[in-house]
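**Student:** I would like the atomic coordinates for the input below:
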Amino acid sequence: MRIFLQQTDESHTLSTSDIIDILSENDIEVERKTVYNDIETLRSFGLDILLEKGIGYYVASRDFELPELKLLVDAVVSSKFITEKKSLELIGKLKNLVSVFDAGKLARQVHVQNRVKTMNESIYYNVDALHEAIAGARQVSFKYFDYNIKKERVFRHDGKKYKVSPVALLWDNENYYLVAKSDDHKGFTHYRVDKMASICLLDEKRDENANNFNPADYSKKIFGMFGGSDTGVSLRFDNSIAGVVIDRFGKNVTMIPDGDDGFIVNVKVVLSPVFYGWLFQFGELCEVVSPRELKELLREHGENFIEKL
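**Tutor:** Got it, this is the predicted structure:
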């Protein structure tokens, strides 16, 4: 099976004689009849081995096809929350799922070095522990940190442990976040998983109020994972950027026609600098209808930026 998976694909076959020679190199002496029987056993096992007459045998299909693995490799490479070391380890394992010939095609698209990656090697174990807590509806405790200019960890709250009821893990802007219910915050809040340390699963059950979490709604309201309270806003957009609005708020967003060239959406969002930046990028193609508070915040944000130019 290893020989077939590693050394064959639609463009590379092995004859019966080839297989006998490879087995012989591994101190396994067989006859042709044994090879035929073994191939039938592998087929019964589920390995999709085909015979191209006059050429040889090859594995025709696998659990993961090459285009699928390319997508997974791209996801690993672009994920900030996976360290460079872990990225290379994961990609190495993904390459083992195709023939040695296709593995070379995967290797050519790998560019991990010099990409922005997390410095926290414990990310794998953090994710595993948090998945277990969510599945078991249990609370967790952890320490939360930032980095200073020396790239050293600086723990928040003087190293005091946070205690929360985890409800979901979200991937946003190439980072992993834990969304949780905390007694210290109204509603739900979130934490960068790669900035969490000393995670402990607690025996205490998750807060019952945490069971009403809707990940899709949360993602629509939060821009750049900045927390805060929900605010209802009314925005007018030019018809030319309808696709961008749908990408942000989903296909179910209500788009009310406004004249021949625009439409209005009424949504709930968390007001944050990332949201302001999202609006600013559209220039004259976007207009804030309400609330006045948002108009004032945008004006103040823009003036503060201009003053520093």
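
**Student:** show me the shaky parts of the protein.
**Tutor:** 107-121, 173-174, 216, 219-229 (pLDDT under 70).

**Student:** how about the helices in it?
**Tutor:** Remark: helices assigned in the chain by DSSP state H are 2-7, 16-25, 32-45, 66-78, 84-95, 100-108, 123-135, 215-221, 242-249, 273-280, 292-307.

**Student:** want to try JSON lines for those, with distance to residue 148 and mean neighbour count as columns?
**Tutor:** For every residue, glycine as well, the C-beta is placed using N, CA and C. As requested, the helices of the chain are arranged in JSON lines below (distance: least, CB to CB, whole Å; neighbours: other CB atoms under 10 Å):
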{"stretch": "helix 2-7", "distance to residue 148": "47", "mean neighbour count": "15"}
{"stretch": "helix 16-25", "distance to residue 148": "56", "mean neighbour count": "14"}
{"stretch": "helix 32-45", "distance to residue 148": "55", "mean neighbour count": "12"}
{"stretch": "helix 66-78", "distance to residue 148": "27", "mean neighbour count": "15"}
{"stretch": "helix 84-95", "distance to residue 148": "21", "mean neighbour count": "16"}
{"stretch": "helix 100-108", "distance to residue 148": "37", "mean neighbour count": "14"}
{"stretch": "helix 123-135", "distance to residue 148": "20", "mean neighbour count": "17"}
{"stretch": "helix 215-221", "distance to residue 148": "30", "mean neighbour count": "15"}
{"stretch": "helix 242-249", "distance to residue 148": "34", "mean neighbour count": "14"}
{"stretch": "helix 273-280", "distance to residue 148": "22", "mean neighbour count": "16"}
{"stretch": "helix 292-307", "distance to residue 148": "25", "mean neighbour count": "12"}
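
**Student:** nearest to residue 178, of the ones you listed?
**Tutor:** Proximity to residue 178 (CB to CB) singles out helix 123-135 among the helices of the chain, at 5.6 Å.

**Student:** what's the spacing between the closest one and its chain's center?
**Tutor:** Centre-to-centre, helix 123-135 and its host chain are 15 Å apart (CA atoms, centre = their mean, to the nearest Å).

**Student:** what does stretch 299-309 give?
**Tutor:** Distance, centroid of stretch 299-309 to centroid of chain: 34 Å (CA atoms, centre = their mean).

**Student:** which residues sit against that stretch?
**Tutor:** Residues outside stretch 299-309 that contact it (CB atoms under 8 Å, 6 or more residues apart in numbering): 273, 276, 280.

**Student:** mind putting those residues in JSON lines, distance to residue 249 included?
**Tutor:** Formatted as JSON lines, the contacts of stretch 299-309 follow (distance: CB to CB, whole Å):
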{"residue": "273", "distance to residue 249": "19"}
{"residue": "276", "distance to residue 249": "17"}
{"residue": "280", "distance to residue 249": "18"}
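
**Student:** nearest to residue 139 among these?
**Tutor:** residue 273 (31.2 Å).

**Student:** how near is the closest one to residue 302?
**Tutor:** 11 Å (CB to CB, to the nearest Å).

**Student:** also residue 277?
**Tutor:** In terms of CB to CB, residue 277 sits 11 Å off from residue 302.

**Student:** same question, residue 207
**Tutor:** Taken as CB to CB, the span from residue 207 to residue 302 is 40 Å.

**Student:** can you tell me the closest non-neighbouring residue to residue 295?
**Tutor:** residue 288 (5.2 Å; CB to CB, 6 or more residues apart in numbering).

**Student:** quick one, which of the helices of the chain gets closest to residue 54.
**Tutor:** That would be helix 16-25 among the helices of the chain, by CB to CB, at 12.2 Å.

**Student:** show me the contacts for the residue nearest to residue 295.
**Tutor:** 233, 234, 235, 236, 279, 294, 295, 298.

**Student:** need the helices of the chain in JSON lines with distance to residue 150, can you?
**Tutor:** Below are those laid out as JSON lines (distance: least, CB to CB, whole Å):
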{"stretch": "helix 2-7", "distance to residue 150": "46"}
{"stretch": "helix 16-25", "distance to residue 150": "54"}
{"stretch": "helix 32-45", "distance to residue 150": "55"}
{"stretch": "helix 66-78", "distance to residue 150": "27"}
{"stretch": "helix 84-95", "distance to residue 150": "20"}
{"stretch": "helix 100-108", "distance to residue 150": "35"}
{"stretch": "helix 123-135", "distance to residue 150": "21"}
{"stretch": "helix 215-221", "distance to residue 150": "34"}
{"stretch": "helix 242-249", "distance to residue 150": "37"}
{"stretch": "helix 273-280", "distance to residue 150": "26"}
{"stretch": "helix 292-307", "distance to residue 150": "29"}
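
**Student:** between these, which gets nearest to residue 197?
**Tutor:** helix 123-135 (8.3 Å).
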